[in-house]
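Enquirer: Build the 3D model from these lines:
(2 chains)
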Amino acid sequence: MTSITPERSLRERFPRLLPHGERLDVGELERLRSRTRCFAEDHVRPRALEIDRRTGEDPSWFDWDLVRAGGEQGMLGLLIPEPAGGAGGLATQAAIVMEELCAACPGIALIFGAHALGVAPLLLGGPSQWDGVLAELVQSERTAKPLLMACAITEPEAGTDVEDPDLLRRARITSHARRVPGGFRLSGTKRFISNGSVARWITLLMPTDPRHPAETWTCFLLDTRSEGFAVARVEHKMGQRACPAAELTFDEVFVPDERVVSREGDGAAATTIVLACSRPPVGAIATGVARGAYERVLGWLEEDRAAKGLLERQHVQLALASMEEEIHLARQLYMDAATELDHTALGGVTSNPAVRAIAHVPAGVRRRAPMHGWLASDRARDATIALLHRTTSERAVTRSLALSSMAKAHGGDVAMLVTGAALELVGLRAGPVRAELEKLWRDAKLTQIYEGTNQLNRLEVYRGLCRSETISCLPPLHPIRRKTEGGRS
Amino acid sequence: MTGTTIAERIEIQAMASELAHRELAPRAAALDAGGQDVLTECWRLLAELGLDRVLLDERQGGAGLGVADLLATIEELAVGDGGIAMCVLLCNAALATLADEHLADVPAGARWALVPAASGTEVTLSNGQLDGGVACALGAYGADGLVILLDGPEPAAWAVGAGAAGLTLERDRPQMGLRAAPAASVELAGVSCAPARDGSGGSATAVNVASAPALLRAGTAAIARGISRRAYETALEYAHARKQGGVTIIEHDAVSDMLSAMAVRLALRPEIASDPAGLAIDEVQALAAKIATTDAAVASTTDAVQVFGGTGYMVETGIEKLMRDAKYCQLFPEPNWVAHDELMRPERTSRVAPLTRTIAGNGEVRAPRGRVL
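Expert: Coordinates of the predicted model:
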């Protein structure tokens, strides 16, 4: 296949945003991109059509070998903090990896993307989360028995609603986390959960009081071996089939107090911050889809006998130039959003001296009492929130969310535009490349829908940039202790 | 019969519409899954109503209707399933180009398909034998016979029975859209063939071979329009039922704007003029209609999935299928950018200006001035 990029290095593309020697070391990013590109070409693209075919026949079929191969490349520990054994990546690293994987196969990329989305809420839990599930995930990656995560937010009656704090207040939430001694009992249904049927751990959001979903929206860490948890079905999707989307049911599933991520009622803020983190990578996913289509159609035009002479047509030249232009702009947008988030909005958290000091404590010490007890305490959780307030602001996160939404929405449209145009260029007679382009076109549509529809994302752009509004997106310093059903306040 | 009255046309449309809603739409998912049994079952129903040979006269077992009637029928069928509508189009186009002596050998209820092919690059004819291959020939797999339509300044059509020696039909597995018209890779190795109608004689409803591409384009436009209608109706119903943020989603501008755009696209119906006898359509208008209508269908079906959100992306709702079907309309019988090229051929450009006036002006329907069916 003709390889189009990189014709310019990241250093050349983003000279101001990624100065050498700082936390987002451009040299490391280049190596990450190069390594991921090799993995995508060697492992992902050769399997893409076959996996799409098999999962089209049986949506529950899953390629664990590919996950193992990705694990060997560090794909599962990319976002996990270094003290927990991971690579300590942020949105920029995730976005770069996603573009490379998606140029080969968006469905396979989504397995790793959905895993990262499951990990993201745990990062907000600060050092208290490092030595639990996060360390287990890294360990599993090293032993070639990878464990996957998922994030469960969407419900049958609430899709877009649950991704916007304002809409959440009026949403038809049917799930409920009921307070019981020692923890919560979770009931309800979550829908379209990527990796939901294959995840070992799931971060999920439910209200502890369904009458006030926004105020009591709470993030839980769920062990999928818990009694009462079930995978109701795996959906038959239009595209991105390699990653299963499952409907999950919760029948009085017990989750202990220590598996409440951050604090009860902080879920809406956590969702907002997680979306600010996850939307630049979704913009990158869309950019990768578009790039994959562009590279394939250009390769076909250059190499296939059936396309002889077409490259001399102005129509074709103009179409290719438009594709290149749109892909370029989409990449600029997602890189801008990702680096804004990593540098400005959340960068101060990870570089904070207190956090770095805890990171230098050996894991063995952190896991023993009394340090473990302190890290798991309410005081430590409150301290993490306080740190968030000191190192960033609601305005910074709102602006970052808006840029992320812009990257996501624009990227999704570019993915549809470019894959559709590529398919039209080759037509029905093109042979094997047609199947690849048809798959990418089917894959592309999801990028306009997940992580909030493009319409919702553009409303975020309006609020955050056009109106310079500031949304309440940080957990309160002093949480409102609401008396929930079941008794304890 | 070629001079169908308005009342008769409405009656035909109503019949096709009822068939689409009662029989085809409930089977659309099974047809999309590639089931041959369900295709056979649907085809039997269509053949019983004479929809496999609409253009043939009654002595040929046909309905004796005109092209406009066929297009109206196809649009209604496409509301139920675009792929089945494509089968009807391809079969009618194929049978209508067959010479009378060959048509007599085609049993009632047989499903034929017209296969457009590039002369020379895809298929060559030498000494009455066809060689070459056509990828992704819609409706060809499982068909009882094919009419290979070779392009060029003087198009020619050649009839080939499904069992002909040297003919290989391999199912096109990746086929993404219009899957009820199963596509095949057609391989021809010295296949003996019979010439189809040359346009010089035959029955009053004969389709001139040279006009067959216009029929395919106009028919594809009709299918795209039927798909768009289905997308709009389904999305509108959902938008009134689904609530987000405490109100039905149609109350959100983001959704109503998309639905409005879909309605506007449907309201702008490209004109395809037919001659007084109802047998002829304008090839320039057919091209323009194909481009405009299929582009509109892709836009509307994409919006329909967006209105449904994640639910629309799931196969079971049947919405994403409309998107796939619409995309295939955009690519058949040629991709729209190639159709634009066709429209700008020197012999056609002089006729584009009057066409524009017809669409944008006083609503007058002009008699076609090009080749006629």
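
Enquirer: which bits of the stretch 151-300 of chain B sit near chain A?
Expert: B:173-174, B:176, B:183, B:243-246, B:252, B:254-255, B:298 (CB under 8 Å from any CB of the partner chain). The way it works is simple: take the backbone N, C-alpha and C, and place the C-beta from them, glycine included.

Enquirer: and these as JSON lines, adding neighbour count, distance to residue B:116 and pLDDT?
Expert: Listed next are those as JSON lines, based on neighbours: other CB atoms under 10 Å in any protein chain shown; distance: CB to CB, whole Å; pLDDT from 0 to 100:
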{"residue": "B:173", "neighbour count": "11", "distance to residue B:116": "21", "pLDDT": "90"}
{"residue": "B:174", "neighbour count": "16", "distance to residue B:116": "20", "pLDDT": "90"}
{"residue": "B:176", "neighbour count": "25", "distance to residue B:116": "19", "pLDDT": "96"}
{"residue": "B:183", "neighbour count": "30", "distance to residue B:116": "13", "pLDDT": "97"}
{"residue": "B:243", "neighbour count": "15", "distance to residue B:116": "47", "pLDDT": "90"}
{"residue": "B:244", "neighbour count": "25", "distance to residue B:116": "45", "pLDDT": "86"}
{"residue": "B:245", "neighbour count": "19", "distance to residue B:116": "49", "pLDDT": "82"}
{"residue": "B:246", "neighbour count": "12", "distance to residue B:116": "52", "pLDDT": "83"}
{"residue": "B:252", "neighbour count": "19", "distance to residue B:116": "44", "pLDDT": "94"}
{"residue": "B:254", "neighbour count": "17", "distance to residue B:116": "41", "pLDDT": "95"}
{"residue": "B:255", "neighbour count": "24", "distance to residue B:116": "39", "pLDDT": "97"}
{"residue": "B:298", "neighbour count": "24", "distance to residue B:116": "21", "pLDDT": "98"}
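
Enquirer: Just the ones of those in strands?
Expert: Using DSSP state E, the subset of these located in strands is B:243-244.

Enquirer: show me what contacts the closest residue to chain B within the stretch 101-250 of chain A?
Expert: Here the stretch 101-250 of chain A gets closest to chain B at one residue, residue A:170, 3.3 Å apart by CB to the nearest CB. Shown in contact with residue A:170 (CB atoms under 8 Å, 6 or more residues apart in numbering or on different chains): A:161, B:245-246.

Enquirer: ok, the residues you listed vs residue B:91, which is closest?
Expert: Nearest to residue B:91 among those is residue A:161, at 47.6 Å by CB to CB.

Enquirer: dump the residue contacts of the nearest residue to the closest one once chain neighbours are set aside.
Expert: Closest residue in space to residue A:161, ignoring its immediate chain neighbours: residue A:171 at 3.5 Å, by CB to CB, 6 or more residues apart in numbering or on different chains. By CB under 8 Å, 6+ apart, the contact set of residue A:171 is A:157-158, A:161-162, A:213, B:244-246.

Enquirer: Torsion angles phi and psi at residue A:171?
Expert: In terms of degrees, to the nearest 10, the main-chain angles of residue A:171 are phi -70, psi 160.

Enquirer: what about it, distance to residue B:299?
Expert: Computed as CB to CB, to the nearest Å, the residue A:171 to residue B:299 distance reads 30 Å.

Enquirer: Provide the secondary structure category for the residue of the stretch 301-450 of chain A found nearest chain B.
Expert: The stretch 301-450 of chain A approaches chain B most closely through residue A:435 (3.7 Å), counting by CB to the nearest CB. Secondary structure, DSSP: H, G, I helix; E, B strand; the rest coil: residue A:435 is helix.

Enquirer: Can you tell me the closest non-neighbouring residue to it?
Expert: residue B:174 (3.7 Å).

Enquirer: Thought residue A:433 was touching that neighbour, still the case?
Expert: No. Look at residue B:174 against residue A:433 with CB atoms under 8 Å: they stay out of range, at 10.5 Å.

Enquirer: hey, what's in contact with both of these two?
Expert: By CB under 8 Å, 6+ apart, no residue touches both residue B:174 and residue A:433.

Enquirer: just to revisit the earlier point, CSV for the contacts of residue A:171, including distance to residue B:144?
Expert: Output for the contacts of residue A:171, formatted as CSV (distance: CB to CB, whole Å):
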residue, distance to residue B:144
A:157, 49
A:158, 51
A:161, 53
A:162, 53
A:213, 60
B:244, 50
B:245, 54
B:246, 56
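
Enquirer: Okay, helices next: where are they in the stretch 101-250 of chain B?
Expert: B:212-241 (DSSP state H, counting those that start in this stretch).
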